[in-house]
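Trainee: Give me the fold of what follows.
(2 chains)
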Amino acid sequence: MGLKEFLFLLRGLQWTVALAAIGFIGGGIAGLFVALARTSANKLLVAVTRGYISVFQGTPLLMQLFVVYYGLALVGLKLDAWVAVAIGFTLHASAYLGEIWRGGIEAVPRGQTEAALALSLRYWSRTKDVVLPQAFKISLPATIGFLVQLIKGTSLAAIVGFTELARAGSIISNQIFEPLVVFGIVGILYFAICWPLSLFGAHLERQFAQGSR
Amino acid sequence: MNNANPSTSAEPMIVFRHVEKWYGSFKALTDINLEVRTGEKIVLCGPSGSGKSTLIRCINHLEPYQKGELLVEGLKVGEDPKIIDAVRREVGMVFQQFNLFPHMTVLENCILAPMRTRKTPREAAVATARRLLDRVKILDQADKYPAQLSGGQQQRVAIARALCMEPKAMLFDEPTSALDPEMVKEVLDTMISLAEEGMTMICVTHEMGFARQVADRVIFMAKGEIIEEAPPEQFFRNPQHKRTQQFLGEILSRH
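Mentor: Sure, this is the predicted structure:
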């Protein structure tokens, strides 16, 4: 395998990182609203978001991308592959992050909210100043775990024609007939991104377990 | 509420009229009638599960009640969220478990609510917080996080945090129950000095020495009802009800 092929793989890696970043940022923003809705006092919001989470956790990401890209095209809404994948990953990530953060929010002791209420802090201040900082800390290891899953999940974007890392690997492999070498390198590239993240997550977990803050 | 005329202080500040509360089918408060005047210090005691915490938590609507009415400075605490907000601004609360915000320093704990709800500028909020932290003798810990402090120190910070809102009354929900014995005194001393300065206080506590020293009235509750109510001298020397005598027997033999 030559330099040209390797650079092609690196370009695939670039897409992989970009897709994961879009999914994580879009999903993070939407997931925050999902988590807040899921923990709100409004029964309708709770029910709707519970259904939303069930649907996206209960179906494969591959199918979700398929529906957004090909399904919406069938009903006349032709989306650019970029847009379709961004929407697909955002929906997917928002359901998972929403559920992870809901758990974090509910793990914040009730007394914290009561103290904030007794100080007459309004909903937004209670949420932003008191509950969310603590909930995010509790949820951080699980959040990083999900980010690792998401990076690997980007390989599914290949079905809508994206040449991300896994797809780049199979293209090169078909050209030079060295699947073992090519996919070995592809694997190492995934690992090089995901492993440090996992280590970081484990490090944070240990820090929180013993930390005083 | 801010416009309330201080000269009306003959009016009771907090009034319970036939207040009743249920948790599902369990009746937590039965026909509570109570008036607390400005500047008065009330100690609430009774066996666990007698409804004393529930009673004071109704005042700032941490617990809703179902029947009767509860007035704070003439305003009915109930459905209207504006009134609930106003009452919470004027009535501070100290909890058994301190409930300091663990991700904020002591100083940040103290300035959050004044800045958010009173829109106090940061410098003014910091100045007030430092003055009150000094008053509870913990100013030197202002930049530490709650977990770095002892229980007694945390509870004093919690008192300072509530005082930063410049409340007209303070509710104490078993403020020393979670403390190691050697830390009880520092918290009680803080409460005593607050009482001496004329703060209206309702304290749920089993610290009978404190009750003797500062209370204007001691109220004994059992099974969600107010059983007996008397000035401390009379309450301790000559309790009228059998249930009160039994309770005092138990609690005083422990000390």
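Trainee: what residues does chain B put near chain A?
Mentor: B:60, B:62, B:85-86, B:88-89, B:92-93, B:95, B:97, B:99-103, B:112-113, B:116-117, B:145, B:147-148, B:158, B:161-162, B:165 (Cβ under 8 Å from any Cβ of the partner chain). Just so you know, the C-beta spots here come from the backbone N, C-alpha and C atoms, and that holds for glycine as well.
Trainee: Can I get stretch B:123-140 in CSV? Just the C-alpha atoms.
Mentor: Only the C-alpha atoms of stretch B:123-140 are listed here, as CSV (Å, rounded to 0.1, in the frame of the first residue of the first chain):
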residue,chain,number,x,y,z
GLU,B,123,-19.8,43.3,43.7
ALA,B,124,-22.7,44.2,46.0
ALA,B,125,-23.6,40.5,46.3
VAL,B,126,-20.0,39.6,47.1
ALA,B,127,-19.8,42.4,49.7
THR,B,128,-23.0,41.2,51.4
ALA,B,129,-21.9,37.6,51.3
ARG,B,130,-18.5,38.4,52.8
ARG,B,131,-20.1,40.4,55.6
LEU,B,132,-22.5,37.5,56.4
LEU,B,133,-19.8,34.8,56.1
ASP,B,134,-17.8,36.9,58.5
ARG,B,135,-20.8,37.0,60.8
VAL,B,136,-21.0,33.2,60.9
LYS,B,137,-17.2,33.2,61.4
ILE,B,138,-16.3,31.4,58.2
LEU,B,139,-15.1,34.1,55.9
ASP,B,140,-11.6,32.5,55.8
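Trainee: Identify the residues contacting it?
Mentor: B:106-107, B:110-111, B:114-115, B:120, B:141-142, B:149, B:153, B:156-157, B:159-160, B:163-164, B:166, B:186, B:190, B:193 (Cβ atoms under 8 Å, 6 or more residues apart in numbering or on different chains).
Trainee: of these, buried ones?
Mentor: B:106-107, B:110-111, B:114-115, B:120, B:141-142, B:149, B:153, B:156-157, B:159-160, B:163-164, B:186, B:190 (16 or more other Cβ atoms under 10 Å in any protein chain shown).
Trainee: Just those residues: which are in helices?
Mentor: Counted as lying in helices by DSSP state H, out of those, are B:106-107, B:110-111, B:114-115, B:153, B:156-157, B:159-160, B:163, B:186, B:190.
Trainee: The residue of the stretch 101-250 of chain B found nearest chain A - how many residues pack around it?
Mentor: Nearest residue of the stretch 101-250 of chain B to chain A: B:Ala113, at 3.7 Å (Cβ to the nearest Cβ). Other residues near B:Ala113 come to 26 when the count uses other Cβ atoms under 10 Å in any protein chain shown.
Trainee: So which residues on chain A come close to chain B?
Mentor: A:109, A:111-112, A:114-122, A:125, A:129-130, A:133-134, A:137, A:212-213.
Trainee: burial of A:Ile171, as a residue count?
Mentor: Quick note: A:Ile171 (other Cβ under 10 Å) scores 17 neighbours.
Trainee: I should have written A:Ala107 there, sorry.
Mentor: Neighbourhood size, A:Ala107 [other Cβ under 10 Å]: 12.
Trainee: residue contacts, it?
Mentor: Contacts of A:Ala107 by Cβ under 8 Å, 6+ apart are A:Ala135, A:Ile138.
Trainee: Return the set of buried residues in stretch A:125-143.
Mentor: A:125-127, A:129-132, A:134-135, A:137-143.
Trainee: Quick one: residues in contact with that stretch.
Mentor: Contacts for stretch A:125-143 (Cβ under 8 Å, 6+ apart): A:35-36, A:97, A:100-101, A:103-105, A:107-108, A:112-113, A:115-117, A:121, A:201-202, A:204-205, A:208, B:101-103, B:112, B:116-117.
Trainee: cutoff 6 Å now
Mentor: By Cβ atoms under 6 Å, 6 or more residues apart in numbering or on different chains, the surrounding residues in contact with stretch A:125-143 are A:100-101, A:104-105, A:107-108, A:112, A:116, A:201, A:204-205, B:101, B:103, B:112, B:116.
Trainee: which regions of chain B lie under the pLDDT threshold?
Mentor: B:1-10, B:254-255 (pLDDT under 70).
Trainee: Could you pull up phi and psi at the most centrally placed residue in it?
Mentor: Taking Cα atoms, centre = their mean, the centroid of chain B lies closest to B:Leu171, which sits 1.3 Å from it. Dihedral pair for B:Leu171: phi -110, psi 130, per degrees, to the nearest 10.
Trainee: same thing with A:Leu119?
Mentor: Per degrees, to the nearest 10, the backbone of A:Leu119 is at phi -90, psi 10.
Trainee: returning to that earlier point: for the residue nearest to the centre of chain B, what are its contacts?
Mentor: Contacts of B:Leu171 (Cβ under 6 Å, 6+ apart): B:Ile56, B:Met93, B:Ile202.
Trainee: again, only this time at 8 Å
Mentor: B:Ile56, B:Arg57, B:Ile59, B:Asn60, B:Val91, B:Gly92, B:Met93, B:Val94, B:Met201, B:Ile202, B:Cys203.
Trainee: A:Gly31 now?
Mentor: Here A:Gly31 is in contact with A:Ala93, A:Ser94, A:Ala95, A:Tyr96, A:Leu97, A:Gly98, A:Ile100, A:Trp101 (Cβ under 8 Å, 6+ apart).
Trainee: Turn the residues you listed into a markdown table, columns for pLDDT, secondary structure and neighbour count.
Mentor: Compiled in a markdown table, the contacts of A:Gly31 are given as follows (pLDDT from 0 to 100; DSSP: H, G, I helix; E, B strand; the rest coil; neighbours: other Cβ atoms under 10 Å in any protein chain shown):
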| residue | pLDDT | secondary structure | neighbour count |
| --- | --- | --- | --- |
| A:Ala93 | 96 | helix | 28 |
| A:Ser94 | 97 | helix | 25 |
| A:Ala95 | 97 | helix | 24 |
| A:Tyr96 | 96 | helix | 23 |
| A:Leu97 | 97 | helix | 26 |
| A:Gly98 | 97 | helix | 27 |
| A:Ile100 | 97 | helix | 21 |
| A:Trp101 | 97 | helix | 25 |
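Trainee: Including distance to A:Ala192, could the residues you listed go into a markdown table?
Mentor: Formatted as a markdown table, the contacts of A:Gly31 follow (distance: Cβ to Cβ, whole Å):
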| residue | distance to A:Ala192 |
| --- | --- |
| A:Ala93 | 22 |
| A:Ser94 | 27 |
| A:Ala95 | 28 |
| A:Tyr96 | 24 |
| A:Leu97 | 24 |
| A:Gly98 | 29 |
| A:Ile100 | 25 |
| A:Trp101 | 28 |
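Trainee: can you give me the strands in chain A?
Mentor: Taking DSSP state E, chain A contains no strands at all.
Trainee: Would you mind measuring from A:Leu165 to chain B?
Mentor: When Cβ to the nearest Cβ, to the nearest Å is applied, the distance between A:Leu165 and chain B equals 37 Å.
Trainee: my guess is that residue contacts A:Ile188, does it?
Mentor: No - using Cβ atoms under 8 Å as the test, A:Leu165 is too far from A:Ile188 to be in contact (10.8 Å).
Trainee: These two - which one has more neighbours?
Mentor: A:Leu165 (29 against 9).
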